[in-house]
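>>> Need a 3D model of the following:
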Amino acid sequence: MVNPRSWLFCPADRPDRVRKAAATADVVVADLEDAVHVDGKDAARDALVEVLDEDPERARRIWVRINNDGRSTGADLDALRARTCAGIVVPKAEPEIVREVSARSSVPLLGLVETAAGLWQAREIAGVERVAALSLGEYDLAVELGVCAPEVDPEPLRWARSRIVAAAAAAGLAPPPAPVLVTLDDPEAYRADTAAMLRFGFFGRMCVHPRQVALVHEAMRPAADEVAAARDVVRAAEEAERAGLAVLVVDGRMIDPPVVHRAHRVLALAEADAPAS
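As a prediction, this is how the structure comes out:
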């Protein structure tokens, strides 16, 4: 199964949006943190619980971004205990809070690295039990580092992006989803930025608006010639395996296991993008 291409954030206190998002994106991130006013945390938690309980199948595609502020953190985890959800997003992830959440959870975790300390300890976060993925919260991180917001100038954050990708790979995790970009009125620029993130080693993207979901899927869609070439590689690898050959050549190119792995990923993406029959 291919990893999620799109992670759509929705305020947890808007169950209507959470339900709608589940029909749009690969996964939904129901946000109990930044998207909810401090006075509305309890009501948002109750609304989210109702959504999770009413449709277990949909709940399996909903991640929950909890709070990282002590009191609300515990209440969030208590509410999610023994409930179906895809996983928990831990904001401002640092090893201590991620270990705490892991000890009180039974679902996969995504460590959202948004602080300088978290970035420095990304490999340690990635190694915590239950952590299945990492990603970057670039806007908070940019403020702490004193650099430009990513839509103004992404250059100062390039090293941070590579650090997160490398930390995830070193821990054997799936490639991280790319961080959000708040630009909504320039689809071409958003597609180009997403494609650049994919070249950095990210897979998929976190989105803040439904219209960004289709743009992410478009940016990840393999071209027809890329799919055809991948099929040729996989077919040749299967034939070589049956013949007991360790080395194979396709169209004058030596093919090794990493190339075969990449070809399988291209075909999985093409299948994920295919319309339902």
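
>>> Now do the helices in the protein.
15-21, 41-54, 56-59, 71-80, 95-103, 116-120, 122-126, 138-145, 158-170, 187-200, 210-220, 224-243, 257-273 (DSSP state H).

>>> Need the residues that contact the last one.
This means helix 257-273. 1-2, 5, 217, 220-222, 226-227, 229-231, 233-234, 237 (Cβ atoms under 8 Å, 6 or more residues apart in numbering). The way it works is simple: take the backbone N, C-alpha and C, and place the C-beta from them, glycine included.

>>> Identify the farthest-apart pair in the residues you listed.
Spatially, the most separated pair among these is 217 and 237, at 27.3 Å (Cβ to Cβ).

>>> ok, now which residue in the chain is the farthest from the centroid?
Ranking residues of the chain by C-alpha distance from their mean position (Cα atoms, centre = their mean) puts residue 243 at the top, at 39.0 Å.

>>> Identify the residues contacting that one.
Here residue 243 is in contact with no residue (Cβ under 8 Å, 6+ apart).

>>> got it, and residue 113?
Applying Cβ under 8 Å, 6+ apart to residue 113 gives the contacts 93, 119, 122, 125, 134, 135, 136, 137, 141, 164.

>>> so, if you compare those residues, which one comes nearest to residue 83?
Using Cβ to Cβ, these come closest to residue 83 at residue 93, 21.7 Å.

>>> doesn't residue 114 make contact with the closest one?
Yes. Using Cβ atoms under 8 Å, residue 93 makes contact with residue 114 at a distance of 7.2 Å.

>>> more neighbours, the two?
residue 93 (30 against 24; other Cβ atoms under 10 Å).

>>> and residue 201, how far is that from residue 27?
For residue 201, the distance to residue 27 (Cβ to Cβ, to the nearest Å) stands at 20 Å.

>>> An error on my part: the question was meant for residue 222.
21 Å.

>>> higher neighbour count, these two?
More crowded of residue 222 and residue 27, by other Cβ under 10 Å: residue 27, with 21 against 17.

>>> so who does residue 234 touch?
With contacts defined as Cβ under 8 Å, 6+ apart, residue 234 is in contact with 260, 263, 264, 267.

>>> change it to 6 Å
When contacts are counted by Cβ atoms under 6 Å, 6 or more residues apart in numbering, residue 234 touches residue 263.

>>> Tell me where the model's unsure across the stretch 101-250 of the chain.
245-247 (pLDDT under 70).

>>> if we go to 50?
Applying pLDDT under 50 to the stretch 101-250 of the chain flags no residue at all.

>>> Can you give the domain ranges for the protein?
Recorded structural domains for the chain (assignment: automatic domain parsing) are 6-220, 224-273.

>>> how near is residue 42 to residue 67?
11 Å.

>>> sorry, that was for residue 58
For residue 58, the distance to residue 67 - Cβ to Cβ - is 23 Å.

>>> repeat for residue 199
Distance from residue 199 to residue 67, by Cβ to Cβ: 34 Å.

>>> Comparing these two, which shows the higher neighbour count?
Taking neighbours as other Cβ under 10 Å, residue 199 and residue 67 compare with residue 67 leading, 24 against 7.

>>> what's that one in contact with, if anything?
Residue 67 touches 32, 33, 73, 76, counting by Cβ under 6 Å, 6+ apart.

>>> Mind doing that once more with 8 Å?
Residue 67 neighbours (Cβ under 8 Å, 6+ apart): 32, 33, 41, 73, 76, 91.

>>> ok, now residue 184?
Residue 184 touches 209, 211, 212, counting by Cβ under 8 Å, 6+ apart.

>>> Pretty sure the last one sits against residue 190.
It refers to residue 212. Yes. Judged on Cβ under 8 Å, residue 212 makes contact with residue 190 at a distance of 6.4 Å.
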